[in-house]
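Novice: would you be able to build a 3D model of this:
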Amino acid sequence: MEDKKNPNDKGLRLLLIGPNILMWVLFLGLLLWFGLHLEEIKENNRLIVYLILLGALLFVSIFGAFRNWLWIKEGKM
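Specialist: Residues are numbered from 1 along each chain as shown. Down below sits the predicted model:
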């Protein structure tokens, strides 16, 4: 008999959802740090750099969550 992996394996879900959770934690941590150091960032003229970084992290987090949601809905995960 063929040994097929179950597409709904919980270990696989954790492996694929784990990095997305870490991206959300990184985004929220950077957002908190950004809020606490906003005046220093403005003084050093780095506001746009951090806003771009926050925007990129938010995009990656939302895209990953949406992709995972689609895969779960389609039964791939």
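Novice: just the helices in this protein please.
Specialist: According to DSSP state H, the chain carries its helices in the segments 10-36, 38-43, 47-74.
Novice: let's have the ones you listed in CSV, adding mean neighbour count and mean pLDDT.
Specialist: Heads up, the C-betas are built off the backbone N, CA and C, glycines and all. Below are those laid out as CSV (neighbours: other C-beta atoms under 10 Å; pLDDT from 0 to 100):
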stretch, mean neighbour count, mean pLDDT
helix 10-36, 13, 89
helix 38-43, 11, 92
helix 47-74, 13, 91
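Novice: grab the nearest non-local neighbour of residue 27.
Specialist: In space, and not counting its chain neighbours, residue 27 is closest to residue 57: 4.3 Å by C-beta to C-beta, 6 or more residues apart in numbering.
Novice: who's in contact with the one you found?
Specialist: 23, 26, 27, 30 (C-beta atoms under 8 Å, 6 or more residues apart in numbering).
Novice: wait, which of those residues is closest to residue 69?
Specialist: Using C-beta to C-beta, residue 23 comes nearest to residue 69 of the contacts of residue 57, at 14.5 Å.
Novice: what's near enough to touch that closest one?
Specialist: The contact partners of residue 23, by C-beta under 8 Å, 6+ apart, come to 57, 60, 61, 64.
Novice: from residue 42, how far off is it?
Specialist: According to C-beta to C-beta, to the nearest Å, residue 23 and residue 42 sit 26 Å apart.
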